[in-house]
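S.K.: Quick one, fold the following:
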Amino acid sequence: MADISRRKLLLAGGALGAAGALAAVTPAHAWTWSSLGSIAQTNTTRDPRFVWDDPVDPVMASLLDRGGVPEVNRILKPWVYNGQSLPPGLPADVHGIVDMARKLPAWADLRKLDVAYRFATKRGLYLGVLYGMNSGMMSAAIPREARAVYWSKGGADIRDRIAKTAKLGYDIGAYHAYRPDGKMVVTCVKTRLTHSAVRHLLPQSPHWRASADEQVPISQYDILVTWHSLASSVMHKLNEWGVRIPQDESDAYLHLWQVTASMLGVNDEFVPVSWEQAEQQRQQVLVPLLARTDEGVKLADMLVNLGEYIDFTLVTQPLFEAVTRYMLGDTVTDMLELTRRPLVEKTVSEAWPIFIRIREAGLPIPLAPTIYSAFEELIRLFALFYLNPFQQINIDIPTGNNPDYPY
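M.R.: Next up is the predicted model:
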């Protein structure tokens, strides 16, 4: 274990002491996935629960402790496109980690990423629905993620938190996402800085410490869990629905998420090299740990009530809950205490497969993918506008935890 990892455990343990801290974070089930199945293709079983972000974390902790975050947020706000130079004025240590974090991994293949965009133009509606009502709602049933969101600054304004998450989902599917004129590199770097800040801030919250089963949040294991709630869970659902995806597009979509994992700071030894390996890892890190938490139930309630902001909750909430139950099944949605809507659920479960068949049948028609893509782009833009009207969505580094629960 690296020195920085040992220091995190010692510092976070507080009165527990080093031995108590180590005992508290020892996983109930050993990590058994071999990195032979990873991008690195080495032969190790290093446990990602004990790996965080060693290059970035000390710098962000120092920046927070010296009160420099607001100024860094101000400087980074106009940095939007991948190809932009870094704005002048960043502290030297922050400039160093941002310059490091913005570089694509050596194995990134821009041609594959272009194919991934082609895939997104044809199946963008499915991806949007799955990111929102499958992956997004699933996050409330991931105990560590639910606790981290609820007790951090994001839990105080769920609409803003979802807008920033939606930005990542939008940018990853946009044209030239990782090329100079795209935005995904910047989005990943700012997200990585935010994760690092939360690692420093959340252990200071007695509320989070009282409920958490880890001493330092957002380990690389935790990021992998979220990765699987998105990438591999989406592919799992598309296969379940019988959506026939050309092999090059399937490979490209995986590559898109492999690059994204790397850009969020996940080491190559933990990034699955194939969908088969991704599914094996998913069965270990995601499926068995879905569970109810008080924080998750509260977050789920906030999510299904987002419509209250524009006064059509009675229309959106029953449909939202029914679609979520169709996506996630009764076990997970009962964990989240979503209301059962038998009539709407029956309608959704019967109508969605028909919609899939009709839509897929139309893909070979000339211009159909272009029309689908244009329509779905309007939906995505409306969603982003609704979540953050008249404002550019910017991912900024937090300076504290949930202000409704002072620490």
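S.K.: drop to CA atoms for contacts and neighbour counts, all remaining ones
M.R.: OK.
S.K.: Restricting to C-alpha, output the helix or strand hosting P70 in CSV.
M.R.: Assigned by DSSP states H and E, P70 belongs to helix 69-76. The C-alpha coordinates for helix 69-76 follow below in CSV (Å, rounded to 0.1, in the frame of the first residue of the first chain):
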residue,chain,number,x,y,z
VAL,A,69,-10.6,26.6,-3.5
PRO,A,70,-12.8,29.6,-4.3
GLU,A,71,-10.1,31.3,-6.3
VAL,A,72,-9.2,28.0,-8.2
ASN,A,73,-12.9,27.6,-9.0
ARG,A,74,-13.0,31.1,-10.3
ILE,A,75,-10.0,30.6,-12.5
LEU,A,76,-11.2,27.2,-13.8
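S.K.: The residue nearest the centre of the chain and Q204: what is the separation?
M.R.: For the chain, the residue nearest the mean C-alpha position is T226 (5.2 Å; C-alpha atoms, centre = their mean). In this structure, T226 and Q204 are 23 Å apart, going by C-alpha to C-alpha, to the nearest Å.
S.K.: that older thread, sort out which residues of whichever helix or strand comes after the helix holding P70 are buried, please.
M.R.: Downstream of helix 69-76, the next assigned helix or strand under DSSP H and E is helix 92-101. Within helix 92-101, the residues that qualify as buried are V94, H95, I97, V98, A101, counting by 16 or more other C-alpha atoms under 10 Å.
S.K.: Mind checking the pLDDT average for whichever helix or strand comes after helix 92-101?
M.R.: Downstream of helix 92-101, the next assigned helix or strand under DSSP H and E is helix 110-129. The average of the pLDDT scores along helix 110-129 is 91.
S.K.: what's the offset of helix 110-129 from the middle of its chain?
M.R.: Per C-alpha atoms, centre = their mean, to the nearest Å, the displacement of helix 110-129 from the mean C-alpha position of its chain is 17 Å.
S.K.: Please name every helix or strand in contact with that helix.
M.R.: helix 247-263, helix 368-387 (3 or more C-alpha pairs under 8 Å, 6 or more residues apart in numbering; DSSP states H and E).
S.K.: any idea which helix is longest in the protein?
M.R.: In the chain, taking DSSP state H as the definition, the longest helix is helix 313-335.
S.K.: next SSE after that one?
M.R.: helix 342-362.
S.K.: Residues in contact with that following helix: which ones?
M.R.: By C-alpha atoms under 8 Å, 6 or more residues apart in numbering, the list of residues contacting helix 342-362 from outside reads W241, V243, P318, L319, A322, V323, R325, Y326, A368.
S.K.: before we move on, the earlier item: mean pLDDT lowest for which of the helices and strands packed on helix 110-129?
M.R.: helix 368-387 - the lowest mean pLDDT of the helices and strands packed on helix 110-129, at a mean of 51.
S.K.: Number of residues surrounding K190?
M.R.: 24 (other C-alpha atoms under 10 Å).
S.K.: which residue packs closest to it, ignoring adjacent ones?
M.R.: With C-alpha to C-alpha, 6 or more residues apart in numbering as the criterion, K190 has its nearest non-adjacent residue at 6.1 Å, and that residue is I395.
S.K.: Can you give me the buried ones in stretch 102-122?
M.R.: 102, 104, 108, 110, 112-122.
S.K.: Likewise for stretch 204-216?
M.R.: Applying 16+ other C-alpha under 10 Å to stretch 204-216 flags S205, H207, W208, R209, A212, D213, E214, Q215, V216 as buried.
S.K.: quick one: least confident helix or strand in the chain?
M.R.: Here the helix or strand of the chain ranked lowest by mean pLDDT, DSSP states H and E is helix 17-25, holding a mean of 34.
S.K.: Can you give me the buried ones in the following helix or strand past that one?
M.R.: Following helix 17-25 in sequence order, the next helix or strand is helix 57-65 (DSSP H and E). For helix 57-65, a neighbour-count test (16+ other C-alpha under 10 Å) marks D57, P58, V59, M60, A61, S62, L63, L64 as buried.
S.K.: Return the backbone torsion pair for the closest residue to W151 other than its chain neighbours.
M.R.: Counting by C-alpha to C-alpha, 6+ apart, W151 lies nearest to N402, which is 5.3 Å off, once chain neighbours are set aside. Note on N402: its backbone torsions stand at phi -60, psi 110 [degrees, to the nearest 10].
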